[in-house]
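Asks: Kindly return the folded structure for what I paste below:
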Amino acid sequence: MIDALVLAGSLNNGALRGCSTARYEAMIDIKGKLMVEYVVDALRQCERIGRIVIVGPKRDLAEYFKTGGREVVVEHGGHLTENVLRGLHELSGAQRVLLVTSDIPLITHQAIENFIDLCGNGQADLYYPVVPRELVEKQYSTSRRTYVQLKEGVYTGGNIFLFNPGIAEECIPRGQKLVDARKSPLKLCRLVGLLFLIKFLMKSISLQEAQKKVSNLLGIKGRVVISSYPEVGVDVDKPSDLELVSKQLEFA
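Replies: Okay, the predicted model is just below:
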């Protein structure tokens, strides 16, 4: 069995603030259910998912997720690393953990099961899905995602990860440095190297090269898998995203 960790502690103080009075993004109501409820419901339907830990505002989530048995709600902290470690504390003995953000309400158990299948025997420390642009736009034509051009094609990243819990404490802060540097060419050069950055800007980096570079930067064995389920990458972080998923869930 694989245990799951759901991150649900982001404050609703960004672009979605005008769409909902909910204090936390995970608690934004979409067609009568909290956004995070859609994610947890999909996990519940997965036969290979065991324990489910939801890290977020415990007092607010308590009436929706009763702690005990399969599910546990853990109070969130101040930053990503702390929240992941708090969740892992409740998953002692876990060999592999599925990390899922709470802002992908279109996720289905089929998409999750497929991702687990793509990860295979789990010999890598971290698995991360990407989805081809044409698949996203074919199914969700109005979706506006961030895409990356690589040798093999154009992809968007997913919002689920399968990882070895033993790498979390050191790996996550390193990953945060990459995220923080994404808008600063100088910082990116220092992290990834000038040659790699030039090749990336010229769209001549392959998936394998990107995978190797990120693995080296994080100090782990990482693997990218190509998912055919756009739902893993269609997150809700702006009003147009919320409108899109609301329409999709209305007819689900």
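
Asks: Quick check: which ranges of this protein have low pLDDT?
Replies: 179, 181-192, 194-202, 252 (pLDDT under 70).

Asks: measure the residue most central in space within it to residue 205 for me?
Replies: The centroid of the chain falls nearest to residue 159 when counting by C-alpha atoms, centre = their mean (2.2 Å). Distance, residue 159 to residue 205, using C-beta to C-beta, to the nearest Å: 22 Å. Every C-beta, even on glycine, is put in place using the N, C-alpha and C of the backbone.

Asks: And the contacts of whatever helix or strand residue 43 lives in?
Replies: Assessed by DSSP states H and E, residue 43 sits inside helix 35-44. Contacts to helix 35-44, defined as C-beta atoms under 8 Å, 6 or more residues apart in numbering, come from residues 4, 6, 8, 25-30, 49, 52, 54, 56, 61, 64-65, 70-71, 98, 100-109, 111-112, 236, 249.

Asks: mind listing what's buried in that helix?
Replies: Using 16 or more other C-beta atoms under 10 Å as the test for burial, helix 35-44 gives 35, 36, 37, 38, 39, 40, 42, 43.

Asks: just stretch 80-87 next, same as before
Replies: Going by neighbour count (16+ other C-beta under 10 Å), the buried part of stretch 80-87 is 80, 81, 83, 84, 86, 87.

Asks: Might you calculate how far that stretch sits from the centre of the chain?
Replies: A distance of 14 Å separates the centroid of the chain from that of stretch 80-87, by C-alpha atoms, centre = their mean, to the nearest Å.

Asks: contacting residues around residue 48?
Replies: When the contact criterion is C-beta under 8 Å, 6+ apart, the partners of residue 48 are 1, 2, 113, 116.

Asks: Could you work out the most separated pair of those?
Replies: Between any two of the contacts of residue 48, the greatest separation by C-beta to C-beta is 13.0 Å, found for 1 and 113.

Asks: More neighbours: these two, which one.
Replies: Using other C-beta atoms under 10 Å, the more surrounded residue of residue 1 and residue 113 is residue 113, with 17 against 12.

Asks: so how far is residue 155 from the more buried one?
Replies: From residue 113 to residue 155 the distance is 21 Å (C-beta to C-beta).

Asks: I'd like to know which of the contacts of helix 35-44 are part of strands.
Replies: When the contacts of helix 35-44 are checked against strands (DSSP state E), the matches are 4, 6, 29, 30, 49, 52, 54, 56, 71, 98, 100, 101.

Asks: ok, of these, which come out buried?
Replies: 4, 6, 30, 49, 52, 54, 56, 71, 98, 100, 101.

Asks: just curious, which of those residues is nearest to residue 141?
Replies: residue 30 (19.7 Å).
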